[in-house]
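> A predicted structure for the sequence below; I have some questions about it.
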Amino acid sequence: MSTTDDVLSPFHQSRQTRHAYLNRTQSLLSAILTKNETEVTLLSLPTIENDYERRPTSTYILRSLSDKERETLLDPQQCNCRLASDDATLQIMYRVAGNGEGPSMSKWDMSSSLKSQVRNNCFGGNVILGVLLDGPDAVKDTIPSNLSNLVGISYNGLIQNSILEPGCAIHKNAEVINTHAMKYAAIIGCGSVSCSETDVAKSKEKYNFDMAGGSMDVEVGPEAGGGRIVHAKVESTLVDVCHNLNMDSKGAAIAPLVTFDESDYTAIASSSSSSSSPSQIPTTMNMLCPHSSLLHTPRTHHIHLSPHASIDSATSVSSALLLPQSTIKSGCTVSHALLQWNATITSQSDAHHVLLMEQSEVGPHSFTANAIYGPDSHVSGGEVHCTIFGPNANSHHQSLLIGILWPLGRGNVGYGSNVGSNHTGRIPDQETSVGEGTFWGLGSVIKFPVDLTSAPYSIIAAGGQLPPQRITLP
């Protein structure tokens, strides 16, 4: 493997992992939508906890509830669940213990497992209820140590058109609609968790947001528009972003680009965009991968949480894709966001149409829209709009950045800096290009357009004002 392959392999592996989970969802959907109520399906799926098992795949039983299981589920003295309508369809999902045991296990009575793991819910549409069995399917005590106390589905106002795999934790939510929660995933204490095909189509039409492809359009530069549209992907690098804007050397990339074979995505995309009747589970769904969590958030719509990603106590999150270890938390309002590994949006921040690369952070108390953040960058307490905010750049105080093209970053924005005088008196049609390592002093005022790309590591003194100009050094 070449050095280039080593550098870019995490991006390719991330995409392969995302598509593997998408394929898992599509496999379950296909099994549901093609079977009749009396049919028993034996479905082979990739094993989630690969560190603990030698088998690469596991077989699951998917079937309708028996009369006794249905009675147990609806009995007020047992599971105390109810149906939102008479046409609600419930199916049970559990794992086969060993090779060749599927036909015999499909006849097992799961009433006791339902009684211990499912209680006080209302179900509507098509719902798959996953239940855990003892033995190889049990939750391991080490990952995480307290999950065994949370496994199950309880006290939910409405669960509709959802896939809840064995081992997930779904508790005390107002509604969970069009959602796939895998083993070790958790949805706890939330309001509305939904995903409507109409809103997904609007995101696609307006922002070219594509959850399966992990991409969307971000417009940077002049706020009034100027054709600087980046087709950003969650597995993009800043090299890809600059190449997309023709900012590299005469349009020819010197550094390696992240390129993908789109053929592996075509089937998923076509299936995700297909329509389904109202009585079926729509193929556009929220997806919570193993070890991801959605906690105490009033409104969540159209999300994909990769393993160990989390949304915790946000205000509202819609159309967001989070890679592993990334998080949105503490009163944030977020829409159309792509977060790479360990990226964070926190503490009453607003973020719309943004790409956060690895280890970048927005918050506390920040407002940002149409922005791309490079690795290890940090913005807090200010506003950033229509900007490429490069790697290791920091804006730790109340400041303003509008229409900044700063792909090399490694600079600092001081308190009170107004790098955003982009208005000519009629429309905000100006931008500023900045070189590596620029230091914006306290209270500096920059009147657009300014070009500092040929003056790296410049220092704009506190209180300094720059009229429109180009600076080169030396």
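Yes, it's here.
> and the residue positioned nearest the centre of the chain, helix, strand or coil?
Geometric centre of the chain, nearest residue: residue 321, 1.9 Å, by C-alpha atoms, centre = their mean. Taking DSSP: H, G, I helix; E, B strand; the rest coil as the rule, one finds residue 321 in the strand state.
> mind listing what it touches?
211, 214, 234, 303, 304, 306, 337, 338, 339 (C-beta atoms under 8 Å, 6 or more residues apart in numbering). The C-beta positions use only the backbone N, C-alpha and C, and glycine is treated the same way.
> look up how far residue 216 lies from the third one.
Right, residue 234. For residue 234, the distance to residue 216 equals 9 Å [C-beta to C-beta, to the nearest Å].
> overlap in contacts of the two?
Shared contacts of residue 234 and residue 216 (C-beta under 8 Å, 6+ apart): residue 338.
> mind listing the strands for the stretch 201-350 of the chain?
Assigned by DSSP state E, counting those that start in this stretch, the stretch 201-350 of the chain shows strands spanning 215-219, 229-233, 286-288, 293-295, 299-305, 310-312, 316-322, 327-329, 333-339, 344-345, 350-356.
> how about those in CSV, adding distance to residue 60 and mean pLDDT?
As requested, the strands of the stretch 201-350 of the chain are exported to CSV (distance: least, C-beta to C-beta, whole Å; pLDDT from 0 to 100):
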stretch, distance to residue 60, mean pLDDT
strand 215-219, 31, 96
strand 229-233, 32, 95
strand 286-288, 17, 97
strand 293-295, 23, 97
strand 299-305, 22, 97
strand 310-312, 26, 97
strand 316-322, 26, 98
strand 327-329, 30, 98
strand 333-339, 31, 98
strand 344-345, 35, 98
strand 350-356, 35, 98
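> take those and lay them out in TSV including distance to residue 102.
Below are the strands of the stretch 201-350 of the chain laid out as TSV (distance: least, C-beta to C-beta, whole Å):
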stretch	distance to residue 102
strand 215-219	39
strand 229-233	40
strand 286-288	26
strand 293-295	31
strand 299-305	30
strand 310-312	35
strand 316-322	35
strand 327-329	39
strand 333-339	39
strand 344-345	43
strand 350-356	44
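> of the ones you listed, which is nearest residue 85?
strand 286-288 (21.7 Å; C-beta to C-beta).
> from the chain's centre, how far out does that closest one sit?
Centroid displacement of strand 286-288 relative to its chain, using C-alpha atoms, centre = their mean, to the nearest Å, is 8 Å.
> give me the contact list for that strand.
So strand 286-288 is in contact with 21-22, 25, 168, 178-182, 185-187, 193-195, 294, 300-305, going by C-beta under 8 Å, 6+ apart.
> how about stretch 463-474?
So stretch 463-474 is in contact with 441-452, 454-456, 458, 460, going by C-beta under 8 Å, 6+ apart.
> try 6 Å
The contact list for stretch 463-474, computed with C-beta atoms under 6 Å, 6 or more residues apart in numbering, reads 443, 444, 445, 446, 447, 449, 450, 451, 452, 454, 455.
> check stretch 80-98 too.
58-62, 64-65, 73-74, 102, 105, 110, 119-124, 126-131, 133, 135, 137, 166.
> sorry, back to before: so which of the contacts of stretch 463-474 is the most crowded?
residue 446 (26 neighbours; other C-beta atoms under 10 Å).
> follow-up on the earlier one: and the contacts of residue 321 as TSV, adding neighbour count and distance to residue 44?
TSV is the format used below for the contacts of residue 321 (neighbours: other C-beta atoms under 10 Å; distance: C-beta to C-beta, whole Å):
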residue	neighbour count	distance to residue 44
211	28	25
214	22	26
234	27	29
303	27	27
304	25	23
306	24	23
337	28	34
338	29	32
339	31	32
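> which stretches of the stretch 251-400 of the chain form helices?
With helices called from DSSP state H, counting those that start in this stretch, the stretch 251-400 of the chain shows them at 263-272.
> in the protein, which helix or strand is least confident?
Of all helical and strand segments in the chain, the minimum by mean pLDDT, DSSP states H and E falls on helix 263-272, at a mean of 53.
> which helix is the longest one in this protein?
helix 3-34 (DSSP state H).
> packing partners of it?
strand 41-46 (3 or more C-beta pairs under 6 Å, 6 or more residues apart in numbering; DSSP states H and E).
> pLDDT below threshold where in this structure?
For the chain, the stretches flagged by pLDDT under 70 are 1-5, 34-35, 37, 49-54, 134-149, 249-254, 262-283.
> repeat that with 80
1-6, 32-38, 48-55, 98-100, 134-149, 225-227, 248-256, 259-283, 424-426, 474 (pLDDT under 80).
> coming back round to it: from the contacts of residue 321, which is closest to residue 261?
residue 214 (14.2 Å).
> out of everything not next to it in sequence, what's closest to that closest one?
residue 234 (3.9 Å; C-beta to C-beta, 6 or more residues apart in numbering).
> now do residue 382
residue 399 (4.2 Å).
> which residues sit in contact with that neighbour?
Residue 399 makes contacts with 382, 413, 417, as judged by C-beta under 6 Å, 6+ apart.
> then residue 423?
No contacts exist for residue 423 under C-beta under 6 Å, 6+ apart.
> for it, which three-state class applies?
Assignment for residue 423 (three-state DSSP): coil.
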